[in-house]
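1. give me a model of this one.
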Amino acid sequence: MSSPLERLRALGFELPRPPEALASYVPTRSVPISTTHQLVWVAGQVPVRDGKPLYTGRVPDEVSIEVAQEAARECALNILAQAERSGGLDRVEQVIQLTAFVLSADGFGEQPRVANAASELLADVLGPAGQHSRIAVGANALPLGVPVEIAAVLLMRSD
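-> Numbers count the residues shown, from 1 in each chain. Sure, this is the predicted structure:
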């Protein structure tokens, strides 16, 4: 069976360098729950590379749903990068939950459709461990004007 990194590459993606915090917080917080496992909260990840947003704008009037889905995939890649930094993708036992915020025009109600791109990527890379519960909501403002921000809770082996 291939590793998460091998599956990621087979999908045509590379693991990015994990983004640093954009303000006064830490990108991840791990809490031991047993001698072998920890919960890892991944702070909201936005579609950035080298501290610069890859996409900006409100969905769907400034950014199409398809572009917002690309932004959601970038958020998922950054979540995976944070997991790698927090102990390794091979230690992810379960993505427990995603919380997706979509910068939305008035009346837009397809936030789950945007968030699906991140959910599908995590399931493709992590297999059954990538399946999760999820919240997908609209927001009237997001950091740096990005169209999507996604936070995660992961269960990881700590051994």
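
2. which residues of the chain fall in strands?
-> Under the criterion DSSP state E, strands of the chain are mapped to 28-32, 37-45, 48-49, 52-53, 92-103, 133-139, 148-157.

3. what pairs with the third one, and is each one parallel or antiparallel?
-> Pointing back at strand 48-49 there. Here strand 48-49 is paired, per DSSP bridges, with strand 52-53 (antiparallel).

4. where does Val22 land on pLDDT?
-> No, residue 22 isn't Val; it's Leu. We note a pLDDT of 84 for Leu22 in this prediction.

5. residues contacting the residue nearest to Leu154 when sequence neighbours are not counted?
-> Nearest residue to Leu154, sequence neighbours excluded (CB to CB, 6 or more residues apart in numbering): Val40, at 4.4 Å. Bear in mind the C-beta positions are built from the backbone N, C-alpha and C, glycine included. The contact partners of Val40, by CB atoms under 8 Å, 6 or more residues apart in numbering, come to Thr28, Arg29, Ser30, Val31, Ala83, Ser86, Gly87, Val153, Leu154, Leu155, Met156.

6. closest to Pro60 out of the strands of the chain?
-> Minimum separation from Pro60 across the strands of the chain (CB to CB) falls at strand 92-103, 9.8 Å.

7. contacting residues for the spatially closest residue to Val46 that is not a sequence neighbour?
-> Leaving aside its chain neighbours, Val46 sits nearest to Val146 (4.5 Å; criterion: CB to CB, 6+ apart). For Val146, the contacting residues are Val46, Pro47, Val48, Pro53, Tyr55, Thr56, Ala71, Leu103, by CB under 8 Å, 6+ apart.

8. any idea how many residues pack against the first one?
-> Which is Val46. Close neighbours of Val46, defined as other CB atoms under 10 Å, add up to 24.

9. quick one: which of the contacts of Val40 is most hemmed in?
-> Using other CB under 10 Å as the neighbour criterion, Leu154 leads the contacts of Val40 with 28 neighbours.

10. right, and that one touches Ile96 too?
-> Yes. Using CB atoms under 8 Å, Leu154 makes contact with Ile96 at a distance of 6.5 Å.
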